[in-house]
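[1] Just a sequence and a predicted model for now, questions to come.
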Amino acid sequence: MLKGLSGHGLHEDVLSVYLKCRVLNCPYDDFTFPFVIKACSALGAFEIGKQIHCIVLRKGYERNVVIMTSFIHLYAKNAHIGIARKLIDGISEPDLVSWNALVSGYCFNGLDKEALEVFREIKGMGIKPNVSTLASIIPLCTRCRCFGSGRSLHGFAVKCGYFLNDFLVPAFISMYQSEMDLSSARQLFDYAGGRNVSVWNAMINGYTQNERFFEGFKMFREMLRADVQPNSIAFVSTIPSCEDYFNIWYCVSLHGCAIKYGLGNQVSVSTALMSMYAKLGAISAAEFLFNQKPNKTLLSWNVMISGYVNNALWDESLVAFREMQCEGFSPDAVSIVSVLSSCSSQGDILLGESTHAFVVRRSFDANINVSNAILAFYSDCCQLSTCFKLFERMASKNTVSWNTLISGCVHSGQTEKANMILRQMLKEGVKLDSVTLLSILSSYTESENFCQGTVLHGFAIKTGYDSDVSLTNSLISMYCKFGELDAGLSLFNVMPERTVVSWNSLMTGFRHFNLSNKVLVLFASMMKDDQRPNQVSLLNILPICCTLQQGKSIHAFALRTGIIEETTVITSLISMYARFGNTKLCLLVFHMGKRDDISLWNAIMSVYVNTKNAEGAFAVFRELLQKSLELDNITVLSLISSCSVVNSLILADSVLAYVIRAGFDKDVVVTNALIDLYARCGNIMVARLLFNYLLEKDAVSWSAMINGYRLHGDARGALELLSSMKLSGVSPDATTYSSLLSACSHAGLVEEGQRVFDSMVEDRISPRTEHYACMVDLLARTGHLHEAYDIVNRLPFQPSLGMLESLLGACKIHGNVELGERIFQMLIELYPENSESYVMLHNIYAAAGKWEDANTIRSTMEGRLLRKVPGFSLVGD
């Protein structure tokens, strides 16, 4: 009877019959105990099992190998592996079944090293391993990454005829997929004749684990077509494919399939489905499944909390955390990590500190993952001092702990401290990983960091991390950032596998250095390589579209692929159409976007500002105010620029009132724009008041005020402000000097202008065309024609048309015909199609009474078919 019940898996009945027989003093023999001990193992009835062990010893059955093997299995399964080892050592001649029980016990308790030692013992005694031995050892080889030994065992299995055993085929497939040798795994799968559900599951899991999600999903469909009924493992292995590759409709189909096969309410399947819906943003579907669960587990609560966190529903995640505890579930490390992530994202320091206290009170701080999550929380909240103190107190640290500290320093702009931690990490012998290198590489933004970046690249090659795609993408970005585009391209070309980020990194580098043609070629290659562009790809390509047709093609692609829903893409499309002067299409794209995003409104206001359509910009601003959207400083700057177009003091006063009421008057950039606006509108007094009220003035503030004085012809005021600027410790820039030289030029202050120019050179600012043009104009206006001509001759670049015409005009005013002729020769050599040069020389000759030369110039001009550009006048309101 016991044998029959055990054979049908009715272990509770086996134990019940045995206990009744004991009460009734029924006789038993050595065949009774193996079935009863097996039932104890299956039911976890360890105390009853120990009582039976006492009976066995008392009755003298301890020499029975079958009974002792059953006890080995019982003790091993209940984490008493030391007793199991003593039992097998007490057997005079243990058979293979006994050894297999011990090997299985070691594997079950995670003692892989000890299991391998026992396997060597078996081989040393000349005992031939069987299918059960291999079924335990092959997964062990996979876990320990002993793939060479695993392949040897595969050869042994083939030799012994175990090759197509239903237990071994899935184990070998799993081993090959862990080795990333999917081709061997697939060959083994194809060779297997009668494939059971375990074989299919192993292959599906292999594809999913290696991020070959499409093949994994395809394999699941093939399994259904082969009339193999999927079990819960099949669904749990396939569901991650939908999370990472397909849209929500594939997930719904898979959910329906699980319901069809009666597995929709199975705990592991329903939990995996919850996770899938949450990761795809269908949080309501995840909540529905969660609420349908009659018996919720800690895992299901954790999935729900994590789902809220991943969907930025921070408050909901914290509510779920509280409800979970009210339901009687004690949070584990996973729950704590999710809650800390919510606190970080909300920047809620008080709540995070409360969670930290909870962790200490429940002794979770011994868990390295929880300690790292607390480190990350303080790091994300810019509490670096607390972060360092916590790091020092940590009993055990791993690479993640060090990486969190480095990342925190990098994000806080403390690059030197991050590098110091890296050096300490190396000094203490902590193994660096790809995340360490990625964190440090992101901090290398200055040209002097280039050598350090190349050293890290060398380290990555030496340690084998150069095969990491994310790290290689970061290295490409680094090389491109420092102008080493060939190095970035070489790295890209040798990549065995490229992601969309790889293409984007290279395109961004080329675009940064204005290599538009190369960006277009790269984008075309990307499409040919079947790599689907994302929003970053389009943000790289839209600003360099050469024609409107190209831009429309990219727009069509964005519509077709759904990328058009991204606000950044819409704003880039608006900018692209604005470049081609198509305001109508700009408005059309604007109305397609999410109107609750301020950046979209800023983009359309910018279009109106750039096309000098102030009325359109004001209309957008009025509509924006009615929407009650929160404006940013970009909006206000666009509004100020619109006022500059119409030069209306009334409008300027209205804008200033709004700026003060909305609190933007404390923004330096906005105040600088207002200073410039009032100066251009003619009210220099208000401009100066705004300037004086600025608590922190930057170089732009001083430049705007100096330029205001220039516009009002107050060169002395501009020069006095320059002295104050230098005394305040702010260094003038090229724009400041351009305004000052222009002011001196219009006021005729030669000595002051010369001093300003010399000061500019002393400040190591290389004079540009506009600076030389101001000096030439200043000297020419005041009659210092030969000094101005010397400057033109010594220019490090080609003189501009305006500069030469300014000097030629001064020759007429001061009656210097000879110098005028020399300037004219330079003009016709550099700008032969410019008719104004001929007109100006004609006027010089006419003023000097040289009518014959004047007529010759007119004839030459007519002979070259050049015409004087007619003047025009405007009548304003």
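    Received it, and whenever you're ready, just let me know what you need.
[2] which residues touch the helix or strand that contains residue 523?
    Taking DSSP states H and E as the criterion, residue 523 maps to helix 516-528. Under the criterion Cβ atoms under 8 Å, 6 or more residues apart in numbering, residues 503, 506, 507, 510, 511, 533, 537, 540, 541, 544, 546 lie in contact with helix 516-528. (Glycine included, C-beta is placed from N, CA and C.)
[3] Wait, the second one touches residue 479, no?
    This means residue 506. No: counting by Cβ atoms under 8 Å, residue 506 stays clear of residue 479, with 9.5 Å between them.
[4] Find residues that contact each of these two.
    residue 488.
[5] where along the stretch 501-650 of the chain do the strands fall?
    Secondary structure of the stretch 501-650 of the chain (DSSP state E, counting those that start in this stretch): no strands present.
[6] any idea which helix or strand comes after the one helix or strand residue 252 maps to?
    Remark: residue 252 resides in helix 248-260, with elements defined by DSSP H and E. Of the helices and strands lying after helix 248-260 in sequence (DSSP H and E), the nearest is helix 267-279.
[7] Tell me the spacing between residue 507 and residue 154.
    Residue 507 sits 45 Å away from residue 154, going by Cβ to Cβ, to the nearest Å.
[8] That should have said residue 266, apologies.
    Residue 266 sits 33 Å away from residue 154, going by Cβ to Cβ.
[9] Give me the helices and strands touching the helix holding residue 252, please.
    Applying 3 or more Cβ pairs under 8 Å, 6 or more residues apart in numbering; DSSP states H and E, we find helix 248-260 packed against helix 232-244, helix 267-279.
[10] looking at the ones you listed, which has the lowest confidence?
    With a mean of 78, helix 232-244 has the lowest mean pLDDT of the helices and strands packed on helix 248-260.
[11] Enumerate the positions of that one that are buried.
    Neighbour counts using 16 or more other Cβ atoms under 10 Å place 232, 233, 234, 235, 236, 237, 238, 239, 240, 241, 242, 243 of helix 232-244 among the buried residues.
[12] next one: stretch 45-62
    For stretch 45-62, by 16+ other Cβ under 10 Å, it's 45, 46, 48, 49, 50, 52, 53, 56, 61.
[13] mind listing what the fourth one touches?
    What that stands for is residue 49. Neighbour list for residue 49: 37, 40, 41, 71, 74, 78 [criterion: Cβ under 8 Å, 6+ apart].
[14] And what about it, helix, strand or coil?
    helix (DSSP: H, G, I helix; E, B strand; the rest coil).
[15] where's it relative to residue 78, distance?
    Residue 49 sits at a distance of 8 Å from residue 78 (criterion: Cβ to Cβ).
[16] same thing with the second one?
    Separation of residue 46 from residue 78 (Cβ to Cβ) stands at 5 Å.
[17] which one among the buried residues of stretch 45-62 gets closest to residue 368?
    Within the buried residues of stretch 45-62, proximity to residue 368 (Cβ to Cβ) peaks at residue 46, which comes in at 30.5 Å.
[18] Isn't that closest one up against residue 74?
    Yes: look at residue 46 against residue 74 with Cβ under 8 Å: they come within range, at 7.3 Å.
[19] any common contacting residues for those two?
    Going by Cβ under 8 Å, 6+ apart, residues that sit against residue 46 and also against residue 74 are residue 40.
[20] tell me which helix or strand of this structure sits lowest on mean pLDDT?
    When each helix and strand of the chain is scored by mean pLDDT, DSSP states H and E, helix 2-7 comes last, with a mean of 64.
[21] who's in contact with the residue nearest to residue 801 when sequence neighbours are not counted?
    Nearest residue to residue 801, sequence neighbours excluded (Cβ to Cβ, 6 or more residues apart in numbering): residue 831, at 5.4 Å. The contact partners of residue 831, by Cβ under 8 Å, 6+ apart, come to 801, 804, 837.
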